[in-house]
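> pasted the sequence and its predicted model underneath.
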Amino acid sequence: MEIRSGGTRHVVSAEQFPPALLEALFASAGEMARRLRAGGPPLLPGRVMATLFYEPSTRTRLSFESAMLRLGGQVVSTENARDFSSAIKGETLEDSVRIVGGYADCIVLRHPEEGAAARAAAVSTVPVINAGDGRGEHPTQALLDLYTIRSELGRLEGLRVVMAGDLANGRTVHSLIRLLSQYRGLRVTLAGPEELRLPAPAVQALRQSGAEVREAQSLLEAVVDADVVYQTRIQAERLSQPLAAAGQDAARFRVTREVMAALPPGAVVMHPLPRVGEIDPEVDSDPRAAYFRQARNGVPVRMALLASVLGE
Ligand code: NCD
């Protein structure tokens, strides 16, 4: 399994993962899930992973750290790099990355600016893994999302996927669409507030890949023949001013008991989390609510990715 961007094994975009690589990665993630249950010898002893996070995170940082520790590696971490690292003294991202690369064998980076991971990769001597760059991409979330779809539904072709919520700013959506568009028979229904629509180039790329793209005015209307509902949070921190209309619109795009009643029995509801009201907690006990299982998949998928990036 080979992940390469330039000369090093950076992970910057979901575009780096063709289906054959995804299959290999998912097979490895399955092995990692077994290893989590049954144990096994350390795979990355003596290797060190740095997490450099300039934006808040719970799941991504902790699941990367857990993955590295479970592989027998070690972790150095700055949780709030914007305030606690030398960024506050005016150090550039490029310099910070050069320095941290001297302390660790790979850098997991989260940053508020789109393109930050590519900038870091351009100067880093060790692999950089993009853990979210502004409204750009979040490729490792997309990997665990696709792995979840595959394990929940048993297939990746002929999927009918509803993308809901903040499609303009949701980087997990942008990365997941890139992965999904590689599979035949895809139909994507876009269901979100008017002001938060999927950017035109992404819609165009989807259509060019052969996918059918539709828009829906409400989630209730969108889910009737869906296989996957991928719900997302309005990315309030990326909006220049609160979108009052989007707030009102949001009610039409909530996952409620009524929406679940309209959703086919074999479908799943996913969400990268955190959720802030766009899924009614009453839905949690429905077996089709896959979001907590999805979050758990973050560890084996990131173990497989780290083993591939850092292994021999
Ligand atoms: C997402 C992110 O950071 O983009 N969270 C995550 O990594 N699971 C989604 C979000 O913050 O809404």
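Arrived safely.
> what sits against the closest residue to the ligand within the stretch 101-250 of the chain?
The minimum distance from the stretch 101-250 of the chain to the ligand, using Cβ to the nearest ligand atom, falls at residue 233 (4.0 Å). Just so you know, the C-beta spots here come from the backbone N, C-alpha and C atoms, and that holds for glycine as well. Going by Cβ atoms under 8 Å, 6 or more residues apart in numbering, residue 233 touches 165, 166, 170, 271, 274, 275, 276, 278.
> are any of the residues you listed buried, and which?
For the contacts of residue 233, a burial check counting by 16 or more other Cβ atoms under 10 Å picks out 165, 166, 170, 271, 275, 278.
> the stretch 101-250 of the chain: helices as residue ranges?
Using DSSP state H, counting those that start in this stretch, the helices of the stretch 101-250 of the chain run over residues 116-123, 139-153, 171-180, 200-208, 219-222, 244-249.
> closest one to residue 108 among those helices?
If you check each of the helices of the stretch 101-250 of the chain against residue 108 by Cβ to Cβ, helix 139-153 wins as the nearest, at 8.4 Å.
> give the buried residues for the closest one.
Buried residues in helix 139-153, counted by 16+ other Cβ under 10 Å: 139-152.
> buried residues in stretch 59-78?
Neighbour-count burial for stretch 59-78, counted by 16+ other Cβ under 10 Å, picks out 59-61, 63-71, 73-75, 77-78.
> what about it, how long is it end to end?
End-to-end distance for stretch 59-78: 15 Å, by Cα to Cα, to the nearest Å.
> so what's the gap between that stretch and the chain middle?
Between the centre of stretch 59-78 and the centre of its chain there are 17 Å (Cα atoms, centre = their mean, to the nearest Å).
> and that stretch, anywhere near the ligand?
Yes: with Cβ under 6 Å from any ligand atom as the measure, stretch 59-78 is seen reaching the ligand through 59, 60.
> ditto for stretch 135-155
Yes: shown here: stretch 135-155 in contact with the ligand (Cβ under 6 Å from any ligand atom) through 138, 141.
> what residues does the stretch 151-300 of the chain have near the ligand?
By the rule Cβ under 6 Å from any ligand atom, the part of the stretch 151-300 of the chain lying against the ligand is 171, 172, 233, 272, 273.
> who wins on neighbours among these?
In terms of neighbours by other Cβ atoms under 10 Å, those top out with residue 272 at 28 neighbours.
> stretch 147-154: how far from the chain's middle?
Averaging C-alpha positions (Cα atoms, centre = their mean) puts stretch 147-154 15 Å from its chain's average.
> now what about that stretch, what contacts it?
In this structure, residues lying in contact with stretch 147-154 by Cβ under 8 Å, 6+ apart are 26, 29, 156, 159, 227-228, 266, 268, 270, 290, 293-294, 297, 301.
> rerun at 10 Å
With contacts defined as Cβ atoms under 10 Å, 6 or more residues apart in numbering, stretch 147-154 is touched by 22-23, 25-26, 29-30, 33, 155-156, 159, 161, 176, 179-180, 183, 227-228, 230, 266-268, 270, 288, 290-291, 293-298, 300-301, 304.
> let's have the helices of the stretch 101-250 of the chain in TSV, adding distance to residue 255.
Below are these laid out as TSV (distance: least, Cβ to Cβ, whole Å):
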stretch	distance to residue 255
helix 116-123	30
helix 139-153	16
helix 171-180	16
helix 200-208	23
helix 219-222	7
helix 244-249	15
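> out of these, nearest to residue 93?
Among the helices of the stretch 101-250 of the chain, the nearest to residue 93 by Cβ to Cβ is helix 116-123 (6.1 Å).
> could you dump the closest one to PDB, C-alpha only?
The C-alpha atoms that make up helix 116-123 are tabulated as PDB, following Å, rounded to 0.1, in the frame of the first residue of the first chain:
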ATOM      1  CA  ALA A 116      -2.400  24.900   5.400                       C
ATOM      2  CA  ALA A 117      -1.600  21.100   5.100                       C
ATOM      3  CA  ALA A 118      -0.200  21.500   1.600                       C
ATOM      4  CA  ARG A 119       1.900  24.400   2.800                       C
ATOM      5  CA  ALA A 120       3.200  22.300   5.700                       C
ATOM      6  CA  ALA A 121       3.900  19.300   3.400                       C
ATOM      7  CA  ALA A 122       5.900  21.500   1.100                       C
ATOM      8  CA  VAL A 123       8.500  22.200   3.800                       C
END
